[in-house]
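Participant: okay, here's the prediction I keep looking at, along with the sequence it came from:
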Amino acid sequence: MLAAKTLSFLEKVNQYPKTTFVFHSKIEERLLMHSHNKHQLTYVEGGAVYLKTKDNSYFLPARHFVWIPAGMEHFIELKTSISMIRNIYIPPPILNSNTFFSKMGIYPAPNLILEMILFTENWSGNIFEKEKNKYQYIRTLGNVIGDMSKNPLPVVLPTTTNERLSPILAHIHQNLNQPLLLKNTAILFGFSSRSLSRLFRTDLDISFLQYVKLTRIIRSMEKLLQTEMSISEIAYASGYNSPATFSNTFYNLVKTRPVDFRKANREISG
């Protein structure tokens, strides 16, 4: 008698096209770039997390969830240990007609949505249509999210596999607390200022200065949520020469002040 095949995590998610699938764990399944036939809702408790797609890197702060449309290639990268990662997979046909569901985005998790996600914490694996209460609950959760979530987090960092550009991006990430000028960086890596600027525009569709700015803001978001550093300390550590400049730049991108972002999103651990 043949032994039953042990399905991989991804095979389990895709096995039954009409089921919803729930997976809560303290350890994320370490998947490479992949996609699946269901929408994915992910909420992470504690820790720094990035969602990577083929084109962009998204920072997922505390008290935010990510919506990943069915068919979108992605993987989740954990920067630190986490308390819990909560994944809910929803087949597209059971949801209402809403353009929200076709677009990837990171959104604040208001109390209603957070409580609805946490209500599923004892559920696991496939939920079939015959399990009417649970199945309808997941459908309702998806539709509530589609109706309530209007303003995605605007901070998105483009990524690249360009071999000439990758070490330059690594240099930027490693030296955010230092002055990062186009001219000096170009010389360091054997480019002219014009050629390096053109490389950023062509490969990342963003300027050198904008890339540095976005990287600094994302780094500051990590520090706001994971450290006890003051706003001034975070400003200087993120490469700003004054807390006021940092606060204004943060507000222009995130639409809230650093102190308010920390207050609204800080995970409180015991």
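Facilitator: The structure has been received and is ready for your questions. Numbers count the residues shown, from 1 in each chain.
Participant: and P108, how far is that from L209?
Facilitator: 28 Å (Cβ to Cβ, to the nearest Å). In this view, the C-beta of every residue, glycine as well, is placed from N, C-alpha and C.
Participant: the two: which has the busier surroundings?
Facilitator: Higher neighbour count among P108 and L209: P108, with 18 against 13, using other Cβ atoms under 10 Å.
Participant: and the contacts of stretch 108-122?
Facilitator: 22, 24, 41, 43, 63-65, 86, 88, 137-138, 140-141, 144-145, 148-149, 151, 153, 264-265 (Cβ atoms under 8 Å, 6 or more residues apart in numbering).
Participant: can you give me the helices for the stretch 1-150 of the chain?
Facilitator: Counting by DSSP state H, counting those that start in this stretch, the segments of the stretch 1-150 of the chain that form helices are 9-15, 111-118, 132-148.
Participant: contacting residues for S197?
Facilitator: L182, S207, F208.
Participant: please name the nearest non-neighbouring residue to L209.
Facilitator: L182 (6.9 Å; Cβ to Cβ, 6 or more residues apart in numbering).
Participant: which pLDDT value belongs to the one you found?
Facilitator: What the model reports as pLDDT for L182 is 97.
Participant: run a quick neighbour tally on it.
Facilitator: 17.
Participant: surely it and R194 touch.
Facilitator: No: counting by Cβ atoms under 8 Å, L182 stays clear of R194, with 9.5 Å between them.
Participant: need the helices of the stretch 1-150 of the chain in a markdown table (columns: mean neighbour count).
Facilitator: Formatted as a markdown table, the helices of the stretch 1-150 of the chain follow (neighbours: other Cβ atoms under 10 Å):
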| stretch | mean neighbour count |
| --- | --- |
| helix 9-15 | 16 |
| helix 111-118 | 15 |
| helix 132-148 | 16 |
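Participant: between those, which one is closest to L157.
Facilitator: Of all those, it is helix 132-148 that lies closest to L157, at 24.0 Å by Cβ to Cβ.
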